[in-house]
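Student: Here is the input, now give the coordinates:
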Amino acid sequence: MNAMKTIFSRITMGGSVEALKEINIAVYEADGSTRKFGDIMGDLSKKWNTLSNAQQQGLGKQLAGVHQLTR
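Tutor: Numbering: from 1, shown residues only. Down below sits the predicted model:
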């Protein structure tokens with residue numbers, strides 16, 4: 001549960017937004033509002049298995065942080 005709280009709080013940070021944008025996942029709607037967290041995570045889950053190990057590790061580190069990844 002703590003991991004999800006961490007991801008939720010970090011998902012709109014600059015680095016996370018850019019990391020998701022690189023794999024064609026938008027964090028913001030066209031009007032500038034933040035997309036629903038579940039929609040963003042759903043998009044990520046659909047793409048996860050198509051990403052390289054390096055991409056998965058980078059996204060995991062960016063979204064969850066090092067502390068959560070080592071748990």
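Student: pLDDT score for the residue nearest the centre of the chain?
Tutor: Centroid check for the chain by C-alpha atoms, centre = their mean gives Leu63 as the closest residue, at 5.0 Å. We have a pLDDT of 88 for Leu63.
Student: so it touches Phe8, yeah?
Tutor: No. Applying C-beta atoms under 8 Å as the test, Leu63 and Phe8 come out as separate, 9.6 Å apart. Backbone N, C-alpha and C define where each C-beta goes, glycine included.
Student: tell me the SS of the residue nearest to the centre of the chain?
Tutor: Classification of Leu63 by DSSP: H, G, I helix; E, B strand; the rest coil places it in helix.
Student: any idea how far it lies from Thr34?
Tutor: 15 Å (C-beta to C-beta, to the nearest Å).
Student: All the helices of this structure, residue numbers only.
Tutor: If DSSP state H is used as the criterion, the helices of the chain fall at 2-10, 14-22, 37-47, 53-69.
Student: and the first one with helix 14-22, angle?
Tutor: With axes from the mean of the first three to the mean of the last three C-alpha atoms, to 10 degrees as the criterion, the two stretches helix 2-10 and helix 14-22 enclose an angle of 90 degrees.
Student: Run through this protein and note the low-pLDDT ranges.
Tutor: 1, 66-71 (pLDDT under 70).
Student: let's go with 90 and repeat that
Tutor: Along the chain, segments meeting pLDDT under 90 span 1-14, 60-61, 63-71.
Student: who's in contact with stretch 57-66?
Tutor: For stretch 57-66, contacts defined as C-beta atoms under 8 Å, 6 or more residues apart in numbering pick out 3, 6-7, 10-11, 15-16, 19-20, 23, 44, 51, 69.
Student: which residues touch Phe8?
Tutor: Phe37.
Student: Which residues are in contact with the residue nearest to Lys21 when sequence neighbours are not counted?
Tutor: Closest residue in space to Lys21, ignoring its immediate chain neighbours: Val27 at 7.6 Å, by C-beta to C-beta, 6 or more residues apart in numbering. By C-beta under 8 Å, 6+ apart, the contact set of Val27 is 11-12, 16-17, 20-21, 34-35, 40.
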